[in-house]
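J.: could you look at this predicted model? Sequence included:
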Amino acid sequence: MRICLVGPAHPYKGGGALHTTELAHRLAARGHEVAVESWRAQYPALLYPGRQTVSAPEGEPFSATRRELSWNRPLGWWRAGRRMGAAADLVVVTVLIPAQAVPYLGVLAGVGRRARTLALCHNVLPHERRRGDAALMRTLVRRVGAVLAHSPEQARTARGLVGERVPVRWAPLPPHLPRARDAGPVPAAGGGPRRRLLFFGIVRPYKGVDVLLRAFARSAPADVGLTVAGEFWGGSRELRDLAAELGVADRVGFREGYVPADELPGLFAEADALVLPYRSATASQNVHLAHEHGLPVIATRAGALADQVADGKDGLLCAPDDVDDLADALRRFYSPGEAERLRAAVRPADPGPPWEAYIDELLG
């Protein structure tokens, strides 16, 4: 089959670009003829004012990648769609934010009826919604031939937007982890407790870092530290002030900015566990990333996190947006021998079977 994937790819950073690239490689390995249509900018500067690219690839780039789509050239959207419709049997538009619906409608208009179309939705609707998000996504998903979501909850949301007009399928998001191109195997974790916890990822309100700070202040042993690492949406001042108010500012380190792939092993090696205190979630690569580096995960039961963490075996689960329950999980984690027991059960995910199942759903 001739397949065109429309979405971010290297040099853009983050999980969306990694997923598009890995999907292209996996489809090509199955014998499909694959092309990637990427962007001159992953997001408009108004929506993402920070740096959008990385200098070094965080996976193997896909050679058949074009980067001609531009947010401010609407005629180019239609022209690209015409080209894709003539060259592909299936056109997949990768949806990360509702604002992408506008250029994708132009692409789909160019494709017309000459190829099958599918919206691959990382989030059908964002966790922090703005006026117009639902209207944009409703318009987009009603214009494609099928929708692929990443959880049953997201599939229900999609069905609420399209009704019976468009088939909606879902599949768990398979592993697509950042790794420096010249990196060797991830070293096995060893040694005793580091007496430090880690939050890693883009810091936004729905990620619940404020809940983590309150739980950490309440129950983490006095000799345990916390690192909050990632890009801060709106800056870190509010969380720094909260840490000071709670009396733990001297134990909480803020590592602001995108963490490139070659720095991840060192960051994870300093921690006893990754903590994901999300208020809401669809799916996260961070559980896979932690397990790849030998770390157990303390997470809420939001979204697919409860399916990725085996409670009491390779991590601990608690209720979302619940300071008391997270504080109890931190207390249990640092009870004698518990951190070591959980770490010993951690196993990296085998990406093969999840990707096979994912591609089966995508191709329908």
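T.: It's in. Residues are numbered from 1 along each chain as shown.
J.: what about Pro351, how many neighbours?
T.: 16 (other Cβ atoms under 10 Å). For glycine as for every other residue, the C-beta is placed from the backbone atoms N, C-alpha and C.
J.: poorly predicted segments of the stretch 51-200 of the chain, please.
T.: Under the criterion pLDDT under 70, the flagged ranges of the stretch 51-200 of the chain are 51, 180-191.
J.: strands of that one, start to end?
T.: Along the stretch 51-200 of the chain, the stretches classed as strands by DSSP state E, counting those that start in this stretch are 65-69, 90-95, 116-121, 146-149, 168-170, 196-200.
J.: TSV please, covering the ones you listed and showing distance to Ala357 and mean neighbour count.
T.: Output for the strands of the stretch 51-200 of the chain, formatted as TSV (distance: least, Cβ to Cβ, whole Å; neighbours: other Cβ atoms under 10 Å):
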stretch	distance to Ala357	mean neighbour count
strand 65-69	25	16
strand 90-95	17	26
strand 116-121	15	24
strand 146-149	12	25
strand 168-170	11	19
strand 196-200	27	23
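J.: in CSV: those, plus distance to Ala244.
T.: Below are the strands of the stretch 51-200 of the chain laid out as CSV (distance: least, Cβ to Cβ, whole Å):
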stretch, distance to Ala244
strand 65-69, 44
strand 90-95, 39
strand 116-121, 39
strand 146-149, 40
strand 168-170, 43
strand 196-200, 17
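J.: for Glu33, which of those is the nearest?
T.: strand 90-95 (10.5 Å; Cβ to Cβ).
J.: that closest one: partners in the sheet, and parallel or antiparallel?
T.: strand 2-6 (parallel), strand 116-121 (parallel) (DSSP bridges).
J.: what are the buried residues along the shortest one?
T.: Right, the one you point to is strand 2-6. 3-6 (16 or more other Cβ atoms under 10 Å).
J.: give me the angle between it and strand 65-69.
T.: If you take axes from the mean of the first three to the mean of the last three Cα atoms, to 10 degrees, strand 2-6 sits at 50 degrees to strand 65-69.
J.: what mean pLDDT does strand 2-6 get?
T.: Strand 2-6 shows a mean pLDDT of 98.
J.: how far out from the middle of the chain is that strand?
T.: 21 Å (Cα atoms, centre = their mean, to the nearest Å).
J.: need the next SSE after it, C-terminal direction.
T.: Later in the chain than strand 2-6, the nearest helix or strand by DSSP states H and E is helix 15-29.
J.: picking that back up, Gly257: which of the strands of the stretch 51-200 of the chain is closest?
T.: Closest approach to Gly257 among those is made by strand 196-200 (12.1 Å; Cβ to Cβ).
J.: return the set of residues that bridge with Glu37.
T.: Bridge pairing for Glu37 - DSSP bridges - gives Val6, Arg66.
J.: that one and Leu5 touch, don't they?
T.: Yes: applying Cβ atoms under 8 Å as the test, Glu37 and Leu5 come out as touching, 7.1 Å apart.
J.: thank you, goodbye.
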